[in-house]
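Participant: Turn this into a structure:
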Amino acid sequence: MKGSVAYRSIQKRGLHIGLLPEMAAAVNPSTPISLDHDLGVLPEAGRRLTVARYAEYVDDLAARLWAAGVRTDERVVIYKTANADHWMLAAAVSRIGGVVVNLSPALDPTTVSVLLERVDRPTLLTDGTKLDVLADVPLTDLTRRVITSADHRPGSISLAELAGSPRVRPVVRPIDEAAVITHTSGTTGIPKLVVHTPRTQGVRLLPQWRLLSLMRRKETVAINVPFVHSRMVAAMSLALLKEYPVLLMRETGPAEVAEQFLEHRPAFVEALPNSLMEWEDLADDPRAPFASVKVFSSTFDAIHPGTMSRLLKASERRGALFFQIYGQSEVGPAVGRAYFRGSAHKANGRCVGWAMPNGAARIRVVSRDGNTPSETSPGSIEVAWDGIAKTYFGEQDRYDTNRDGQWWRTGDVGYRTRFGCLHMLDREIDMIPGVKSSLEIEDVVLGRLHELTELVVVQGPNSEPVPVICTVDDKPLDPDRWREAVAGFPQLADPVRIPQAELPRTATLKVQRRALAQRFEQLQEQA
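Facilitator: Got it, this is the predicted structure:
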């Protein structure tokens, strides 16, 4: 089965991640999969696999889960230490017809407890480290059983002790029923549980399949995104079906990333915007770790033009590009835009792209105040296509409030230019009176002050826009440099400098703006 044939099958029957490794092995069993860490559930596997070996491990883990009592239609929450084995375990759950519920290892025990209760007595698949984190959570009341992927703990079932269990036949879930459940970033409170079906997951591959077609040779794809995220499903699926060697990365530190890139020389890099910002200085590394990269790709959040420019200039590939995808967990990839080496530094960071052709998502901007959406009167951004998630698990009413027939309201505000480019200005909940776009201010000022490592504009206790800044090595910022950089934004309050480590972040490294704003409110109350 060639990759294109497998892809057409997925478009017809939906994406079933439990079958994907076997499908990829049928296309090319020798395709290499490399890791920058050891697998927690299979430490003996090493860091160099093939797709055929990977598929064999998924089949083995599915047999162990069946022996542990997991059955078809059962919900299995996976909450464990960050490791590439998370995706393998999710595929194993799917292979026996279970419904995967991915929870980020960054979630605190209170949030995990709330989500376990919402899912209604699932099986919990975890490890010893996370069981320690959940020590005060009544797991006996909230779960059907607890399975450990690594370590054995009293009261749990150990997958290690079930090695050699009889293999079981794969189960294909109905195309429009829940298959994988992920969660939103939780920037405004308890995350929502987003339900993906085989159909919605398969549809989302369409625009990215074309993007990967830009790579003419079978070169390495480096993936450095959270293993629990819905984006991981698409990234891994596409790379395997295209027969590209895969580098699965857990480490995000610049030194570790440089070593991996120098060893594997990836041509395609998929990473979080904030990770790419952290890696910017590697552009000056004389070893040239980015020299081999043909395509940088990012989604989750907008990325600053200055970051894209530095990364592209560090590539030695002809025609290198940065492809930014705008979307969210509920809708998948909505619009996209390519940036190039010679022009990325001049790009308007608020222009997040154009609708992608041939069956991809449709976009509209709906008035919020009766006026035609424009730069001065932004409207609500809405998306329509078959890739929209089916529901929020346990919160159908909440889902329905965002749905208008086929259209999904993203919660972002913006407008479209006469050339069709979608400009995203802000999250609606983060809008500040008198500020056209906090994100635009951040783009401009970060481009002017290279001594800044982060800038976040949030609403202060008196509705004033407060710039929160982080600097290289936490050094003080020259006040004159700051005043010159923000001269075009007189509405800004004085900057507040904090260590970057103190920025509250989500699992995908987005800054939790509401939490940051609430910190200022609390400080005012205490004053």
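Participant: quick one, strands of the stretch 101-250 of the chain?
Facilitator: Taking DSSP state E, counting those that start in this stretch as the test, the strands found in the stretch 101-250 of the chain are 123-126, 145-148, 157-158, 180-183, 193-196, 221-224, 246-248.
Participant: looking at those, which is buried most?
Facilitator: Stretch with highest mean neighbour count among the strands of the stretch 101-250 of the chain: strand 123-126 (a mean of 28; mean count of other Cβ atoms under 10 Å). The C-beta positions use only the backbone N, C-alpha and C, and glycine is treated the same way.
Participant: Residues in contact with that one: which ones?
Facilitator: Where contact means Cβ atoms under 8 Å, 6 or more residues apart in numbering, the residues beyond strand 123-126 that reach it are 65, 69-70, 74-80, 89, 93, 98, 116, 134, 139, 142-149.
Participant: Any stretches of the stretch 401-527 of the chain with poor pLDDT?
Facilitator: Low-confidence segments of the stretch 401-527 of the chain, defined by pLDDT under 70, are located at 507-508, 523-527.
Participant: what about the strands in it?
Facilitator: Secondary structure of the stretch 401-527 of the chain, counting by DSSP E, counting those that start in this stretch: strands at 403-404, 407-416, 422-427, 452-459, 465-471, 496-497.
Participant: These: which one's closest to residue 33?
Facilitator: Residue 33 sits nearest to strand 452-459 of all these, at 32.8 Å, using Cβ to Cβ.
Participant: For residue 509, which residues are in contact?
Facilitator: Contacts for residue 509 were tallied using Cβ under 8 Å, 6+ apart; they are 272-275.
Participant: what do you get if the cut-off is 6 Å, keeping everything else the same?
Facilitator: Residue 509 sits next to 272, 274 when contact means Cβ atoms under 6 Å, 6 or more residues apart in numbering.
Participant: what's the nearest residue to residue 134 if we skip its chain neighbours?
Facilitator: Nearest-residue entry for residue 134: residue 109, 5.3 Å, with adjacent residues in sequence omitted and distances by Cβ to Cβ, 6 or more residues apart in numbering.
Participant: And the one you found, what's its pLDDT?
Facilitator: At residue 109, the model reports a pLDDT of 96.
Participant: what about the longest helix in this structure?
Facilitator: helix 51-67 (DSSP state H).
Participant: Okay, the residue nearest to residue 114 when sequence neighbours are not counted and residue 110: tell me how far apart.
Facilitator: Excluding the flanking residues, the one nearest residue 114 by Cβ to Cβ, 6+ apart is residue 190, at 5.5 Å. Between residue 190 and residue 110 the computed distance is 9 Å (Cβ to Cβ, to the nearest Å).
Participant: Compare these two and say which is more crowded by neighbours.
Facilitator: Each of residue 190 and residue 110 has its neighbours counted (other Cβ atoms under 10 Å); residue 190 has more, 15 against 11.
Participant: Dihedrals phi and psi, the more buried one?
Facilitator: As for residue 190, its main-chain torsions (degrees, to the nearest 10) stand at phi -60, psi 130.
Participant: what does residue 7 give?
Facilitator: Dihedral angles of residue 7 (phi, psi; degrees, to the nearest 10) stand at phi -60, psi -40.
Participant: Outside of the helix or strand of the chain with the lowest mean pLDDT itself, which residues are in contact with it?
Facilitator: Counting by mean pLDDT, DSSP states H and E, the chain has its least confident helix or strand at helix 513-526, which shows a mean of 74. Under the contact criterion Cβ under 6 Å, 6+ apart, helix 513-526 has outside partners 188, 430, 458-461, 504.
Participant: quick check, nearest of these to residue 329?
Facilitator: Residue 329 lies nearest to residue 188 out of the contacts of helix 513-526, by Cβ to Cβ, at 13.9 Å.
Participant: okay, that closest one: pLDDT?
Facilitator: The per-residue pLDDT reported for residue 188 equals 61.
Participant: which of the residues in stretch 272-286 are buried?
Facilitator: If you call a residue buried by 16 or more other Cβ atoms under 10 Å, then stretch 272-286 has these buried ones: 272-280, 282-283, 285.
Participant: ignore the last one, stretch 384-391
Facilitator: So, applying 16+ other Cβ under 10 Å, buried residues of stretch 384-391: 384-385, 387-391.
Participant: Also stretch 405-424?
Facilitator: Under the neighbour-count criterion of 16+ other Cβ under 10 Å, stretch 405-424 has 407-410, 412-416, 421-424 buried.
Participant: ok, now stretch 65-79?
Facilitator: Buried residues in stretch 65-79 (16+ other Cβ under 10 Å): 65-68, 70, 74-79.
Participant: end to end, how far does it reach?
Facilitator: Taking Cα to Cα, to the nearest Å as the measure, stretch 65-79 stretches 15 Å from start to finish.
Participant: what's in contact with it?
Facilitator: Outside stretch 65-79, the residues that touch it by Cβ under 6 Å, 6+ apart are 89, 92-93, 96-99, 101-103, 112, 119, 122-126, 130, 147, 157, 162, 165, 168, 171.
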